[in-house]
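Novice: compute the structure for the input listed below.
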Amino acid sequence: SLLIGLLTGGHVLLESVPGLAKTTAARVIAESIDGRFRRIQCTPDLLPSDIIGTQVYDAATASFVTQLGPVHANVVLLDEINRSSAKTQSAMLEAMEERQTTIAGTVYPIEDPFLVIATQNPVDQEGTYALSEAQTDRFLIKEIVGYPSPEQEVEVLARRDAGVYDKAHRTQPVASLDDIRRLQRAARAVYMSRDLMLYASHLVGVTRDAENHLPRQLARLIEYGASPRATIALCTSARALALLSGRDHVIPDDIADLAHRVLQHRLILGFEAASAGVTAGVVIDAALRSVRVP
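Specialist: Numbering: from 1, shown residues only. Sure, this is the predicted structure:
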């Protein structure tokens with residue numbers, strides 16, 4: 001998911017409990033492409049200026065000097081984004097969508113490539129604020145990170161004993177920023193037939209017109225379906241997945257494999273869904289079954 005976000009220029013939302021190496025993954029991605037990495041710890045008192053930057057008065061020159069915030073980097077980790085207020089969350093919208101920030105009326109472009117990796121706790125934990133629909137829609141992919149298996153956890157311990165996770169250890173770059181830009185152009189050039197684009201559009205359309213495609217007891221739990229950004233995200237991420245799979249064309253399985261990651265944070269379910277134990281994943285599975293594969 002992180003590589004797909006990097007190749008498409010999209011952003012990734014990770015949901016999990018603390019301690020599952022999300023920060024480590026973001027740092028390693030940045031070091032692997034020889035890019036700049038910044039981590040922002042979100043708290044309720046975090047201000048927008050702490051993210052985008054601000055003007056500071058310089059007494060020596062009797063003038064204001066602009067200090068750019070940590071969002072001006074190649075890989076930005078917003079740790080526990082749903083612990084920050086809505087005002088602070090909205091400060092990231094311009095950076096994520098327009099790839100720029102505005103400070104005192106002056107526009108400052110953000111570096112390219114640019115990848116935002118935001119982490120959030122499950123919304124039922126104390127002291128969290130649910131992300132707005134406009135904010136979540138800007139994330140290309142949402143990935144839910146689960147606990148490792150016992151074998152994987154033993155491997156973590158073995159790597160820790162070997163010094164892999166030491167602060168002094170730095171991952172050697174395996175690609176340059178120019179390589180990533182070239183791969184981004186290659187991902188955009190991956191062939192996707194019109195039939196597959198229509199397949200992606202039909203999948204998203206089912207969430208908007210659920211009454212005519214899904215069982216009634218499931219359709220009535222959906223308040224709002226996914227926006228056209230979901231269709232765009234399905235197509236762009238499918239091209240990147242095809243490239244990572246060594247293909248120059250998209251196949252239906254690429255779209256099906258990404259459906260949950262692209263749609264689960266864009267569906268808005270009613271309160272009855274929570275009481276019935278129905279998640280967005282159940283709706284997406286039903287949508288996949290209802291649409292004919294080309």
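
Novice: what about the strands in the chain?
Specialist: Ranges of strands within the chain are 12-15, 37-41, 53-58, 63-68, 75-79, 100-103, 106-109, 115-120, 141-144, 222-224, 268-269, based on DSSP state E.

Novice: so which elements touch the shortest one?
Specialist: Using 3 or more Cβ pairs under 8 Å, 6 or more residues apart in numbering; DSSP states H and E as the contact criterion, the secondary-structure elements in contact with strand 268-269 are strand 222-224. All C-beta atoms are positioned from the backbone trio N, CA, C, and that covers glycine.

Novice: same question for the fourth one.
Specialist: Contact analysis of strand 63-68 by 3+ Cβ pairs under 8 Å, 6+ apart lists strand 53-58, strand 100-103, strand 106-109 as its packing neighbours.

Novice: which one of the ones you listed is the most hemmed in?
Specialist: Among the helices and strands packed on strand 63-68, strand 100-103 has the highest mean neighbour count (mean count of other Cβ atoms under 10 Å), at a mean of 16.

Novice: could you list every helix and strand in contact with that strand?
Specialist: Looks like strand 100-103 contacts helix 49-52, strand 53-58, strand 63-68, helix 86-98, strand 106-109 (3+ Cβ pairs under 8 Å, 6+ apart).

Novice: now do it: everything it contacts.
Specialist: Residues outside strand 100-103 that contact it (Cβ atoms under 8 Å, 6 or more residues apart in numbering) are 52-55, 66, 68-69, 71-72, 94-95, 107-110.

Novice: can you do 10 Å?
Specialist: Here strand 100-103 makes contact (Cβ atoms under 10 Å, 6 or more residues apart in numbering) with 48-49, 51-55, 66-69, 71-72, 91-92, 94-95, 107-110.

Novice: need the helices and strands packed on strand 63-68 in a markdown table with mean pLDDT and distance to Gln217, can you?
Specialist: Shown next, in a markdown table, are those (pLDDT from 0 to 100; distance: least, Cβ to Cβ, whole Å):
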| stretch | mean pLDDT | distance to Gln217 |
| --- | --- | --- |
| strand 53-58 | 87 | 50 |
| strand 100-103 | 88 | 46 |
| strand 106-109 | 90 | 49 |
